[in-house]
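Student: This is the structure alone, sequence omitted:
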């Protein structure tokens, strides 16, 4: 068997620079947690030249180089990115195996189709370069030999059992074969430092002393490796994302990122010989979560130009109030791509226009933006629940995104299933993320019923009309949503505290125009120009805490019976001494 | 009228956030009529609260919250003496039935000890009161049982109040209001939140509802409580029923020391007197001097009047036991001021001959129990402790506890974790605090942290608050409480962290405040070293020594001390002491007493060091304003160096009574000395003036006393230590090989690591020999081969050393080798002769492969193998260590490949890794060429460089010190292959090179040489890490 080993030096850093070109040439490190301490895992050339070393703590590295860019090393993200590259190479090779975090083997048995191994090697290099990566490639017959030579030696095309070429490779090359310090330690203690020195020892002696590991070491050092390439199992869902260097308020950087993501998605689709049927484009809005744009294609496609144009149209229709911090594309449904033979008179450009129209229709119909609240053990009422995917009792809705994820590939070739727990985890993760994409930024109650005017804006004066709208809206509309909120309240609070909590909580507390008694309690509240007398006031329930965060609170809550309105949940803020409405009791 | 009766202090361990004293003062300030501190299953902080309550004139009810295994908790309140005994018994039973840190009783156990106690049922949200349990408790505490109820402005207040009312109606018990206090003021709530997060092992961001929703669980005034319970005012007034019913306080506690077995027909007093008579004849064989007899009479009168005879008899008995077993021991501390202790052989210093002040030890005015500390060989102290347990029984003896508190780095680490600082940030903060807790913006910046980061700021502020809060209980190093009756009826007792140890819940100061006597049985490593040295001398020379027969006042020993050649000795080996020795030049025993006492914060802060040195060197005249003052200060050349001198001076110059003088000493030692001293100052100055002394003398002498508010040694204590220090110096002078062997056996102890000790021994002509499987034993041994018997046995006189045996390092130095394995190896060697090969050793001993590998790497098989690497190769071929494998250990019929030999650096590194030292070379020696190229001198060359010259020097950092008394200066000792050198780093340089100073093992320093007599320091201008060349 012939395999090619592709080594991508500092792959995670290459990837980072690719996604965020402004980091090019800058001192950058990737940090990971090692026994609780943040340590340097990858270091850029510039940082290395400035004295940053692998294994240094993050703080020490920062102290070494002023202006050092520090990013977290995300093992899983790197693994996925490497797999994406591998998938894109499936166009030229039948299988690949990852050697995370910065290498992979590909099956080179079909090299003759490209004009021989040298040409195949150049084809691999070229494809990686197109994807934006610098690589080294060695083709040989043994996995370990190609890996060790690619990482530690010279060579391009190696004949079978190229042990002779390995002689100068350091002992640490064996780490790549999965051998650890428990095996290498005793060898180093003997003063051995290269594979050549190990190869000079009799195999029997090594096997007698170090057992199977000794035998393996002896074989590998001689260039004997009979392990075969284990093709990587491909995930069901094609999902690519990029975080923007800086949150963008212009379309251009967003499109740059989307192009990168779509290119990767299309490369993966092409590697699998699939075409997308339905996509979801997600935009991460800074400070406002995710927003999702579902796209249904008129015709299955795997060409980035077409998809990109479609997405561009969708984005031009979109109005977002927050900067965009990241983009993501998920292939919800795909089918085999048999290719298409164009006929005379065919106009592919017209197809793209059709996609745009269909996309707009899809957007108009939309996926239901449903969510529910999940209780959180927090004292601060605003933080006492969180957004969670909404699951209506009846899950048979055709537009349910979950259905799309759970569906089999409609026409796809049957692929080997990953191990059950892994698949479930991956699917669950994707489902969760999709659910977040599906959830709108708004919180209970629904938009018309939200008591507008966050406290920062309230200085301009209370919006009494809104308060009345809230009350009216609560009474007449959105009944099912209200019941949902109440159900959450029951779950989060102890039975004894439930009575003290309003059944409906406003998204933001709203300042009240109030007259006070001599003892500082509420006498009346003016709403829509009408003074409403406080008939009863009960409390306080004191909430003072979270001093460690920007969300520190110091409030005295009261239940206030307001003439002609009902019972409001009102608090007096110790910071400014004003009263705010925060909820209403049914 | 309202008393707060449910209140947790910080002795509820990570629940309450206020000190007991703070709670008491706040309660008094708020006008409460009483206070009960109800910490969980314990009375830990109540002594401190009691003392403060006496000051504040607040009624303190002794109480505890009790954890019940099968019911919600209750609070119990002492009403009388019987109730106190019952409470102590219940707490002890609850604590002793569980591992350290946990407690719990079946509720039925409480019923049996209800007499003398009042009870409040507390609520537990997780577990409501079961009617039959609550009813049974109500019946047992009939008339003294209540249902507790609290309101904290929380959402569930009314629900809980309703539940309490229902319980009250159902059981016919009255409601009693409380506030479940956790802090003395609302400002302490952030700390309480932090403590909650620490206790729950989470961050504040994730703590959620684990922390309280507000800061209302704090002490409130009666008016505030009345407003809170306006609908149930009777629940407020009812708190006074428990307060008024409580008639017992710690002042009523009567402690009786254990009664020794007395000879028939003799009282304790008679027996003690008889023992003193016998002791006098032993101590003064040539006739008892009058002053000694008078002193004994005076002390016996006082001891009898204070009824402390039992205490002295118990100590005499313990010391007698140790001596009978051949365990080296010696009393220290102020006990050495007592002639009775001297004649009972508890201490070794003759206070009469040394004119020591007895009042420092015991006085009628003070009426405080005497404090006697006895040091035993640390390796054999356990024998003594077990003797005490056996003799007095576990029901009458327990060890004193120590309240371990949050301090410095630990506080920062714990608080920082709760505030979400990363481990890396915490590590940085911790390093910034390496040599000082005082971390400012500059240090934070140096550590790579932002001083404007809110989390960092909050961490530092809250860590300061947390410092001093108790964290857990530990066992005091040697304090024992022994009682006549059952101990658990007098003090709560719980299990210690060590097996078979029980501890009382109070620390030594608490016991002292309650007049409960304790004995301190301490372990001292140097006594083990001395005892082992005596044993080895006897083995080698046949000559037998003990502490009393070590030749005294040997001038050659003092020569060595004056040269600061004191590595490994007792008390005078530190860098600061070594710096002082050539200046003070001790020439006799009392000089040594001064030397030991002078390098302490007290004399340093009191600015007594330099005046003393100037006078000693004749640079300043020694004058006294009167004969009386001269009598007090003559031995220290007119400079008061000891607390006893301050006491004596106040007596002779200002007319203080002995009791007043002791009160002055205690005021000087008090943590708030600055508040207490002005009164004494006025009295002192007036007293001096009235006796004709000049105001200048009076003011100057009193101001010099202020240094004693910092740590210092009493003269008697210093004298006791000086005896041991002298003995250790004598051993080092005449038997360096033996002394080093004993030091290595007693590790870890002292300032220096084994490699420094061995290098020092080598400089004294000792031949150290490596660990060897055919020669070493577990401990270090002496090898006599090649030495003449006469030379070895020559008596050490007039500076002439006997011939030194070689020092064979023991297996104990090999890291990763167990004692059991080493002993098995030695036993096999003694049974069937030396080992001829690695295979033979393995086959005969079956030493586990991992340990055999350590021996090979340590070079312990060098005598039977060609090289360490060849041995490793051979060892790897031995296969698994199967007992039934007949062929195990038989050599393989293959030639060993030629492995590259280890170079010197590899060998030295491996030696340090496995043995902690290398006999081949010093690590700095391997870099000598590099250092020469850098223009660096050796430590030896530095000694010859004239003052003021700028030089460079590289070395391994042995000691870093930045004492609080050094005004920001840092002192480092570095070592190279030729010896030690001292570096002095100014505060600004310290800040500049903080990272290198605190985080580098090998340094290259440049600076100016400062020479003062024989003392040579390098004042550092530049410091950098010394990196080996690749």
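Tutor: Yes, it's here. On a predicted model such as this, the values are computed, not experimentally measured, just so you know.

Student: Which parts of the host helix or strand of residue B:558 count as buried, going by neighbours?
Tutor: Per DSSP states H and E, residue B:558 falls inside helix B:555-562. By neighbour count with 16 or more other C-beta atoms under 10 Å in any protein chain shown, helix B:555-562 contains the buried residues B:556-558, B:560-562. Heads up, the C-betas are built off the backbone N, CA and C, glycines and all.

Student: cool, and stretch B:790-805?
Tutor: Residues B:792, B:794, B:796, B:801-805 are the ones in stretch B:790-805 that count as buried (16+ other C-beta under 10 Å).

Student: just checking, which of these belong to helices?
Tutor: Counted as lying in helices by DSSP state H, out of the buried residues of stretch B:790-805, are residue B:792.

Student: residue contacts, residue B:468?
Tutor: B:19, B:405-407 (C-beta atoms under 8 Å, 6 or more residues apart in numbering or on different chains).

Student: Quick check: residues of the stretch 51-200 of chain A near chain B?
Tutor: Selection of the stretch 51-200 of chain A residues close to chain B by C-beta under 8 Å from any C-beta of the partner chain yields A:57-60, A:62-63, A:186, A:189-192, A:200.

Student: at 7 Å what do you get?
Tutor: A:57-59, A:62-63, A:186, A:189-191 (C-beta under 7 Å from any C-beta of the partner chain).

Student: got JSON lines for those, with secondary structure and neighbour count too?
Tutor: Output for those, formatted as JSON lines (DSSP: H, G, I helix; E, B strand; the rest coil; neighbours: other C-beta atoms under 10 Å in any protein chain shown):
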{"residue": "A:57", "secondary structure": "strand", "neighbour count": "21"}
{"residue": "A:58", "secondary structure": "helix", "neighbour count": "24"}
{"residue": "A:59", "secondary structure": "helix", "neighbour count": "22"}
{"residue": "A:62", "secondary structure": "helix", "neighbour count": "21"}
{"residue": "A:63", "secondary structure": "helix", "neighbour count": "19"}
{"residue": "A:186", "secondary structure": "helix", "neighbour count": "19"}
{"residue": "A:189", "secondary structure": "helix", "neighbour count": "20"}
{"residue": "A:190", "secondary structure": "coil", "neighbour count": "21"}
{"residue": "A:191", "secondary structure": "coil", "neighbour count": "18"}
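
Student: tell me which element the residue nearest to residue A:173 when sequence neighbours are not counted is part of?
Tutor: Nearest residue to residue A:173 in three dimensions, chain neighbours excluded: residue A:148, at 4.1 Å (C-beta to C-beta, 6 or more residues apart in numbering or on different chains). Taking DSSP H and E as the criterion, residue A:148 maps to helix A:143-152.

Student: next helix or strand past that helix?
Tutor: helix A:163-166.

Student: distance between that following helix and the chain's centre?
Tutor: 42 Å (C-alpha atoms, centre = their mean, to the nearest Å).

Student: And it, what's buried?
Tutor: Buried residues in helix A:163-166, counted by 16+ other C-beta under 10 Å: A:163, A:165-166.

Student: Please list the outside residues in contact with that helix.
Tutor: Residues outside helix A:163-166 that contact it (C-beta atoms under 7 Å, 6 or more residues apart in numbering or on different chains): A:145, A:148-149, A:153, A:155, A:158, A:195, A:199, A:221-224.

Student: of those, closest to residue A:516?
Tutor: Using C-beta to C-beta, residue A:148 comes nearest to residue A:516 of the contacts of helix A:163-166, at 80.5 Å.

Student: what's near enough to touch that closest one?
Tutor: Counting by C-beta under 7 Å, 6+ apart, the residues that residue A:148 touches are A:166, A:169, A:173, A:176.

Student: Can you spell out which helices and strands pack onto the strand ranked longest in chain A?
Tutor: As assigned by DSSP state E, the longest strand anywhere in chain A is strand A:530-545. Counting contacts by 3 or more C-beta pairs under 7 Å, 6 or more residues apart in numbering or on different chains; DSSP states H and E, strand A:530-545 packs against strand A:522-527, strand A:553-562.

Student: For residue B:262, give me the pLDDT.
Tutor: You'll see residue B:262 listed with a pLDDT of 82.

Student: Could you check how far it is from residue B:548?
Tutor: Applying C-beta to C-beta, to the nearest Å, the value for residue B:262 to residue B:548 is 29 Å.

Student: of the two, who's got more company?
Tutor: residue B:262 (15 against 9; other C-beta atoms under 10 Å in any protein chain shown).

Student: Nearest residue to that one in space, please, no chain neighbours.
Tutor: Residue B:262's closest residue in space is residue B:271 (C-beta to C-beta, 6+ apart), at 5.2 Å.

Student: again, but for residue B:439
Tutor: residue B:432 (5.1 Å).

Student: Pull the number of nearby residues for the one residue in the stretch 201-350 of chain B that gets nearest to chain A.
Tutor: The nearest approach of the stretch 201-350 of chain B to chain A comes at residue B:208, 3.6 Å away (C-beta to the nearest C-beta). If you count neighbours by other C-beta under 10 Å, residue B:208 ends up with 16.

Student: okay, it: pLDDT?
Tutor: 91.

Student: picking up where we left off before, tell me which of the helices and strands packed on strand A:530-545 is the most buried.
Tutor: Of all the helices and strands packed on strand A:530-545, strand A:553-562 carries the top mean neighbour count, a mean of 21, counting by mean count of other C-beta atoms under 10 Å in any protein chain shown.

Student: what does that strand contact?
Tutor: A:380, A:522, A:525, A:532, A:534-546, A:567-575, A:585.

Student: Write a ChimeraX command that selects only the buried members of those residues.
Tutor: Selection of buried members from those for ChimeraX, criterion 16+ other C-beta under 10 Å:
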select /A:380,522,525,532,534,537,539,540,541,542,543,544,545,546,567,568,569,570,571,572,573,585
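
Student: so where is the stretch 601-750 of chain B shaky, pLDDT-wise?
Tutor: Along the stretch 601-750 of chain B, segments meeting pLDDT under 70 span B:670-672.

Student: Can you show me the strands along it?
Tutor: Under the criterion DSSP state E, counting those that start in this stretch, the stretch 601-750 of chain B contains no strands.

Student: for the stretch 251-400 of chain B, same thing?
Tutor: B:329-332, B:373-377, B:397-405.

Student: so the longest helix belonging to chain B versus helix B:555-562, what angle?
Tutor: Taking DSSP H as the criterion, chain B has its longest helix at helix B:715-734. If you take axes from the mean of the first three to the mean of the last three C-alpha atoms, to 10 degrees, helix B:715-734 sits at 100 degrees to helix B:555-562.

Student: Can you tell me the SS state at the residue sitting nearest the centre point of chain B?
Tutor: Closest to where the C-alpha atoms of chain B average out (C-alpha atoms, centre = their mean) is residue B:477, at 6.9 Å. Under DSSP: H, G, I helix; E, B strand; the rest coil, the three-state class of residue B:477 is strand.
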